[in-house]
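Asks: build the 3D model from these lines:
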Amino acid sequence: MTVPTLLTWLRVAAIPLMLGIYALPGAWLGMPERNLAATALFMLSALTDWFDGFLARRWNQTSAFGAFLDPVADKLMVSAALLVLLELSRIGALVALIIIGREIAISALREWMARIGRSRAVAVNWLGKVKTATQMLAIPFLLYDGRIGPVPTAPWGNALLDIAALLTLWSMLYYFKLALGDMRAGD
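Replies: Here you go, the predicted structure:
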């Protein structure tokens, strides 16, 4: 068990904690406190995503298992946060469906491309990274659902999540376009 892998596992363990924050009785924790706790936990988890990759490369502790687990942890964390936000009526179902559905579709595409020996054709590119960064910025604004000084976070979070949804569709189309020749050859 390497430190980068441990950080990834901690990110997975944070998911039920984030869900549990909103399951606590209202007498124990008010909504503003829940929002703050969930936001802090999500942001800490997002930072470990960057940090585990940095450490894995820096300490030469990359592994096939780590390369598998890291994006799974990310997708689970984002999906759980989106479902919480949907339950709290802070986002619409269509945005959540676009983002979660794309993750499922691209994961399946990557698995199929790996089976035919073409996984490099659909490797993560800059568009996917921008999409992820936009999501990771939008979600804390929406979880917090308050004000930072005079600025309300919800409109900013929704605008950023809408941009993330558009980037999500664009990146999905991009990856499917890359795989189109292999799809046609597979028929």
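
Asks: how about the strands of this protein, start to end?
Replies: Shown for the chain, the strands assigned by DSSP state E span residues 147-148, 151-152.

Asks: so what strands line up beside the first one?
Replies: Each strand paired with strand 147-148, and its direction, by DSSP bridges: strand 151-152 (antiparallel).

Asks: roughly how far is the strand it pairs with from the heart of the chain?
Replies: 24 Å (Cα atoms, centre = their mean, to the nearest Å).

Asks: likewise for stretch 51-64?
Replies: 19 Å.

Asks: end to end on that stretch, go ahead and measure it.
Replies: End-to-end span of stretch 51-64 (Cα to Cα, to the nearest Å): 18 Å.

Asks: just to revisit the earlier point, so which of the strands of the chain comes closest to residue 33?
Replies: Proximity to residue 33 (Cβ to Cβ) singles out strand 147-148 among the strands of the chain, at 15.0 Å. Backbone N, C-alpha and C define where each C-beta goes, glycine included.

Asks: and for that closest one, what's in contact with it?
Replies: By Cβ atoms under 8 Å, 6 or more residues apart in numbering, the list of residues contacting strand 147-148 from outside reads residue 153.

Asks: and residue 145, how many neighbours?
Replies: Using other Cβ atoms under 10 Å, residue 145 has 20 neighbouring residues.

Asks: so how far is residue 113 from residue 119?
Replies: 5 Å (Cβ to Cβ, to the nearest Å).

Asks: compare the two (neighbour count), which wins?
Replies: residue 113 (20 against 13).

Asks: hmm, residue 179 and that one touching each other?
Replies: Yes - Residue 113 is within contact range of residue 179, at 5.9 Å (criterion: Cβ atoms under 8 Å).

Asks: joint contacts of these two?
Replies: 121-122.

Asks: pLDDT (mean, whole number) over the longest helix anywhere in the chain?
Replies: Assignment by DSSP state H gives helix 153-186 as the longest helix of the chain. For helix 153-186, mean pLDDT rounds to 89.

Asks: from the contact counts, what lies against it?
Replies: Helix 153-186 is packed against helix 93-115, helix 126-144, with contacts defined by 3 or more Cβ pairs under 8 Å, 6 or more residues apart in numbering; DSSP states H and E.

Asks: go through these and name the closest to residue 53.
Replies: Once the helices and strands packed on helix 153-186 are compared by Cβ to Cβ, helix 126-144 is nearest, at 11.4 Å.
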